[in-house]
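*Asks:* sequence first, then the predicted structure, then my questions.
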Amino acid sequence: MSDVALVTGTSSGMGLHAAVELARRGLTVVATMRDLTRADALRAAAAEAGVELDLRALDVVDHPAAEALVAAVVADHGRIDVLVNNAGRGCVGTAEQLGMDVIRDQLEVNYLAPVHLAKLVLPGMRDRGHGRIVTVTSVGGAVGQPFADAYCGAKFAVEGFMQSLAPVAEQFGVQVSIVEPAAVASEFVANVERPAHVGAYGAPLEAYLSRSSGAFAGAQSAQEAGAAIADAATSAAYRFRWQTSEAAVRFVGASLADLDGERVLGVTRTWITR
């Protein structure tokens, strides 16, 4: 009997390719997205790969809906062996430009939703002594970046939660991992929320956006990133922290190797000074 995987945020990008790749590797995949009218690209990718997916609607910030979905998946498939928290939302703006509603929204999508889903699947995984929880964060969950205050704050938060959960869950056979992509060529950037008014921050914001555009122009493909997520969910060799590309390895490695932060701050400052 194949493992059952629940994957969020599968209408496009990394989530789409992760869902298809997990199915290609023999897992039964429940692929979710907010709006099933946007499922055509996923259906086409699944048909091209010769795999079948169980497509269901889920807005991850709707906690009662998430509870109902998890219960329905367990009723239909018997269990959930793998959770991939992929759904997320970007946000550009420094603290002074952001309303508290925007900051709360970042926490809801990028932190509270993965935490809630982890809480929902953990009891079954713990009882069976088997399971994997994989949460897609970002290099922005390890290295703070200019004009990403709310986004990086939420990603730092979810990484801290998962890092704390991992050693406890492991006692019951449940493996917890994070995946930290760098720039990925997907629709994610197009959906990033931007500040309506730049005010005094115009020049550094333009420099940051210009530098970011260059990074995404040479980004890895969403298919490559999706395969890396599938690796984290299925690899026999467990580790907590995964990156999806050499660029992500270098970026995160600089942060983890530098305890006082000055070298990393020096690197990120170049995003707004040239």
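*Replies:* Cool, got the structure.
*Asks:* rest of the way, CA atoms for contacts and neighbours
*Replies:* Fine.
*Asks:* ok, residues contacting stretch 104-111?
*Replies:* Contacting residues not belonging to stretch 104-111 are listed as 60-61, 87-91, 137, 150-151, 154-155, 157-158 [CA atoms under 8 Å, 6 or more residues apart in numbering].
*Asks:* for residue 53, which non-adjacent residue is closest in space?
*Replies:* Distances taken as CA to CA, 6 or more residues apart in numbering place residue 29 nearest to residue 53, at 5.5 Å, with adjacent residues excluded.
*Asks:* for the one you found, helix, strand, or coil?
*Replies:* State at residue 29, reduced to three classes by DSSP: H, G, I helix; E, B strand; the rest coil: strand.
*Asks:* and it, what pLDDT?
*Replies:* Note on residue 29: pLDDT of 98.
*Asks:* gap between it and residue 39?
*Replies:* For residue 29, the distance to residue 39 equals 14 Å [CA to CA, to the nearest Å].
*Asks:* related to what we said a few turns ago, pretty sure the residue nearest to residue 53 is in contact with residue 4, am I right?
*Replies:* Yes. With contact defined as CA atoms under 8 Å, residue 29 reaches residue 4; the gap is 5.9 Å.
*Asks:* flag every buried residue along the helix or strand residue 102 falls within.
*Replies:* Using DSSP states H and E, residue 102 sits in helix 100-107. Buried residues in helix 100-107, counted by 16 or more other CA atoms under 10 Å: 102, 103, 105, 106, 107.
*Asks:* got the residues you listed as JSON lines, with pLDDT and distance to residue 132 columns?
*Replies:* Output for those, formatted as JSON lines (pLDDT from 0 to 100; distance: CA to CA, whole Å):
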{"residue": "102", "pLDDT": "94", "distance to residue 132": "31"}
{"residue": "103", "pLDDT": "96", "distance to residue 132": "29"}
{"residue": "105", "pLDDT": "97", "distance to residue 132": "26"}
{"residue": "106", "pLDDT": "96", "distance to residue 132": "24"}
{"residue": "107", "pLDDT": "98", "distance to residue 132": "23"}
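*Asks:* with respect to residue 117, which of these is nearest?
*Replies:* For the buried residues of helix 100-107, the residue nearest residue 117 by CA to CA is residue 107; the value is 14.2 Å.
*Asks:* for the contacts of stretch 104-111, which one is nearest residue 225?
*Replies:* Residue 225 lies nearest to residue 137 out of the contacts of stretch 104-111, by CA to CA, at 12.2 Å.
*Asks:* could you pull out the helices for this protein?
*Replies:* Taking DSSP state H as the test, the helices found in the chain are 13-24, 40-49, 63-77, 100-107, 113-128, 149-170, 202-217, 222-234, 246-257, 262-273.
*Asks:* pick the most buried one from the ones you listed.
*Replies:* helix 13-24 (a mean of 26; mean count of other CA atoms under 10 Å).
*Asks:* possible to save the helices of the chain as CSV with distance to residue 55?
*Replies:* Formatted as CSV, the helices of the chain follow (distance: least, CA to CA, whole Å):
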stretch, distance to residue 55
helix 13-24, 10
helix 40-49, 9
helix 63-77, 11
helix 100-107, 25
helix 113-128, 17
helix 149-170, 26
helix 202-217, 29
helix 222-234, 17
helix 246-257, 30
helix 262-273, 39
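*Asks:* between the ones you listed, which gets nearest to residue 141?
*Replies:* Ranking the helices of the chain by proximity to residue 141 (CA to CA) places helix 149-170 first, at 4.3 Å.
*Asks:* what angle sits between the closest one and helix 100-107?
*Replies:* 30 degrees (axes from the mean of the first three to the mean of the last three CA atoms, to 10 degrees).
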